[in-house]
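**Student:** Provided below are the primary sequence and the corresponding predicted coordinates.
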Amino acid sequence: MAGLTIVPCPTTKVKLANGQHLTTNKMVAQLQCYYQGQSFSTDMIVLDTQPYDAILGYDWLSTHSPMKCDWQAKTIEFLEKGRPVKLKGLTSPPLQLSSISATKVYNSTKGNAIWVFVLVDQVPPPAVTSTKDIRQLPDTIQDLLVVYKDVFTDPQALPPSRGYDHAIPTLPGSQPINSKPYHYSPQHKTEIEQ
């Protein structure tokens, strides 16, 4: 607890936003709240609503009515003891990814602090596969591809004969290897495939 003085109150049943009901008979009388330079004093009933420290309920909202709410800008405006008050909600920072160490991942799972892990791989841009894609390249590279077109085109036939063609020599009269696969037991085959 925050070291606040708790006093008994009449048993109160509170309906939460998720439909659940909580019952309490404890409150903190005239709790002083300080928020964005504004000071408020209000009775707060004690509920187990983790992770929230405090929730301003209908009673507080109706006390400060009429109220101007801008849900997009996350602001509320009302009068407090005759002076105008404008409160601004927290804005979420833009989402961004960052890498974390294996130790942090392990510690996060132990503390139940993370719901989902995502592995993100950067996808490289697709390689140029045809002359249709050349238009997407910078002008200097397009010029090179045009000048050396014979080097960069896909081959349509076998290369021409040269003074020495590389080959793998075999023994004269030998048969090419074309034997049936050796039959393994199912357990042995599974082990080899793994």
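**Tutor:** Sure thing, it's come through. Given the structure is predicted, the values throughout are model-derived calculations rather than measurements.
**Student:** same question for the strand of greatest length in the chain: list its buried residues.
**Tutor:** In the chain, taking DSSP state E as the definition, the longest strand is strand 21-35. Burial within strand 21-35, assessed by neighbour count using 16 or more other C-beta atoms under 10 Å, is assigned to 27-28. Where C-beta positions appear, they are placed from N, C-alpha and C, glycine not excepted.
**Student:** the helix or strand that that strand is followed by: partners in the sheet, and parallel or antiparallel?
**Tutor:** The helix or strand immediately downstream of strand 21-35 is strand 38-45, counting by DSSP states H and E. Note on strand 38-45: by DSSP bridges, its sheet partners are strand 21-35 (antiparallel).
**Student:** could I get the average pLDDT for the strand it pairs with?
**Tutor:** Strand 21-35 shows a mean pLDDT of 85.
**Student:** which parts of this structure are strands?
**Tutor:** Ranges of strands in the chain, per DSSP E, are 7-15, 21-35, 38-45, 68-70, 75-80, 83-88.
**Student:** turn those into JSON lines, columns for distance to P160.
**Tutor:** What follows is those, written out as JSON lines (distance: least, C-beta to C-beta, whole Å):
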{"stretch": "strand 7-15", "distance to P160": "86"}
{"stretch": "strand 21-35", "distance to P160": "83"}
{"stretch": "strand 38-45", "distance to P160": "87"}
{"stretch": "strand 68-70", "distance to P160": "76"}
{"stretch": "strand 75-80", "distance to P160": "77"}
{"stretch": "strand 83-88", "distance to P160": "76"}
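**Student:** which among those is found nearest to E193?
**Tutor:** E193 sits nearest to strand 21-35 of all those, at 57.9 Å, using C-beta to C-beta.
**Student:** give me the angle between that closest one and strand 83-88.
**Tutor:** 110 degrees (axes from the mean of the first three to the mean of the last three C-alpha atoms, to 10 degrees).
**Student:** run the chain-centre distance for strand 21-35.
**Tutor:** Per C-alpha atoms, centre = their mean, to the nearest Å, the displacement of strand 21-35 from the mean C-alpha position of its chain is 35 Å.
**Student:** and if you look at stretch 166-178?
**Tutor:** Stretch 166-178 sits 58 Å away from the centroid of its parent chain (C-alpha atoms, centre = their mean).
**Student:** could you do stretch 10-17 as well?
**Tutor:** Its chain's average C-alpha position is 35 Å from that of stretch 10-17, according to C-alpha atoms, centre = their mean.
**Student:** what's the answer for stretch 155-166, then?
**Tutor:** For stretch 155-166 - counting by C-alpha atoms, centre = their mean - the centre lies 53 Å from the chain centre.
**Student:** quick one: average confidence on it?
**Tutor:** Average pLDDT, stretch 155-166: 79.
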